[in-house]
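Chemist: this one's sequence-less:
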Ligand SMILES: Nc1ncnc2c1ncn2[C@@H]1O[C@H](COP(=O)(O)OP(=O)(O)O)[C@@H](O)[C@H]1O
Ligand SMILES: O=c1ccn([C@@H]2O[C@H](COP(=O)(O)O)[C@@H](O)[C@H]2O)c(=O)[nH]1
């Protein structure tokens, strides 16, 4: 497949190469992929692997065709009372209302309209947004949006062109979350385990796990599942290059640009 792409300049371990940026002007609809799954299931790692396999790491935004954003950037501002609870590990960050869902919807709509967006920067250590800090998301051909509850609200869910669910067993997820939260998110063991027992696990069962049924592809074992990731990468490549069309118009766009 890659051998047919004469203008390609980026190679990767699958031999898939992207050519010049298809969607390099504002206003074109990117292919939007939602990546849901429980905490520490490997959502970010799966997105990273997809980007690597599409040859999309270490590049400037003028060249980059695939970008990844996280639902965690959209945690809402807490009231002083909620902040005090959060500091004691008594705030439920796994409930759908913990996010600024209007901001998510508007941002995703802007992304689909091919607009440049500013995304808040979130600090897990303070349980709050970093003041006046934003990440600029430039228009791209493919946008990955990962998070525990990206398929929860129908208005947001319906906007994805492809929906992936990273399905990693809960013992493995807890075993990964504990060291991650201690090392990277400034927690101690008691805090992580209490939060997991009282909020994370029940909310996963009530809100996140039921959204698996909306997924087009379920990825058992997360980033270990290289076969699933390779199939997804090939499908994205085909869509971007017009071999497969999709009902939202990118197929037509790709065809016309080939
Ligand atoms: N397949 C894997 N094998 C070993 N560790 C992994 C694997 N996938 C993810 N991790 C680790 O587990 C933690 C959570 O992974 P991450 O991708 O951040 O999950 P999520 O985005 O779903 O919260 C990270 O420390 C990551 O390095
Ligand atoms: O201030 C915060 C915000 C979020 N969390 C936890 O993060 C996870 C979601 O992130 P993943 O990368 O998908 O694990 C969620 O389970 C929240 O409990 C937090 O602890 N503090």
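Modeler: That came through fine. Keep in mind that what you see is a predicted model, and the values were worked out from it rather than measured. Numbers count the residues shown, from 1 in each chain. Ligands and ions are numbered 1, 2, ... in the order given.

Chemist: so residue 35, which of the three states?
Modeler: Classification of residue 35 into helix, strand or coil gives strand, according to DSSP: H, G, I helix; E, B strand; the rest coil.

Chemist: Look up phi and psi at the residue of the stretch 101-250 of the chain found nearest ligand 1.
Modeler: Closest approach of the stretch 101-250 of the chain to ligand 1 (Cβ to the nearest ligand atom) occurs at residue 176, with a separation of 3.5 Å. C-beta coordinates here come from the backbone N, C-alpha and C atoms, glycine included. With angles defined as degrees, to the nearest 10, residue 176 shows backbone torsions of phi -90, psi -30.

Chemist: begin at 42 from here
Modeler: With 42 as the first residue, the last one maps to residue 217.

Chemist: how many other residues sit next to it?
Modeler: Residue 217 has 17 neighbouring residues, counting by other Cβ atoms under 10 Å.

Chemist: Give me the distance between it and ligand 2.
Modeler: 9 Å (Cβ to the nearest ligand atom, to the nearest Å).

Chemist: Excluding chain neighbours, what is closest to that residue?
Modeler: Nearest non-adjacent residue to residue 217, counting by Cβ to Cβ, 6 or more residues apart in numbering: residue 81, 4.2 Å away.

Chemist: The one you found belongs to a strand?
Modeler: No: with three-state DSSP as the criterion, residue 81 is coil rather than part of a strand.

Chemist: Show me which residues of the stretch 142-291 of the chain sit near ligand 1.
Modeler: 217, 221, 263-265 (Cβ under 6 Å from any ligand atom).

Chemist: Out of those residues, list just those in helices.
Modeler: For those, the ones inside helices are 217, 221, with DSSP state H as the criterion.

Chemist: which stretch of helix or strand covers the residue lying closest to residue 136 once chain neighbours are set aside?
Modeler: In space, and not counting its chain neighbours, residue 136 is closest to residue 244: 5.8 Å by Cβ to Cβ, 6+ apart. Assigned by DSSP states H and E, residue 244 belongs to helix 242-244.

Chemist: next helix or strand past that helix?
Modeler: Past helix 242-244, heading to the C-terminal end, the next element that is a helix or strand (DSSP H and E) is strand 258-261.

Chemist: Go ahead and name everything in contact with stretch 215-234.
Modeler: By Cβ atoms under 8 Å, 6 or more residues apart in numbering, the list of residues contacting stretch 215-234 from outside reads 80-81, 83, 130, 165-166, 236-237, 241.

Chemist: in it, what's buried?
Modeler: Residues 215, 217-219, 222, 228, 233-234 are the ones in stretch 215-234 that count as buried (16 or more other Cβ atoms under 10 Å).

Chemist: can I assume the residue nearest to residue 217 is in contact with residue 210?
Modeler: No: at 11.0 Å, residue 81 and residue 210 do not qualify as touching, with contact defined as Cβ atoms under 8 Å.

Chemist: Who has more neighbours out of those two?
Modeler: Each of residue 81 and residue 210 had its neighbours counted (other Cβ under 10 Å), and the higher figure belongs to residue 81 (25 against 13).

Chemist: which residues sit in contact with that one?
Modeler: By Cβ under 8 Å, 6+ apart, the contact set of residue 81 is 209, 214-215, 217-218, 221.

Chemist: Include pLDDT when you put those into TSV, please.
Modeler: Putting these into TSV (pLDDT from 0 to 100) gives the following:
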residue	pLDDT
209	98
214	98
215	98
217	98
218	98
221	97
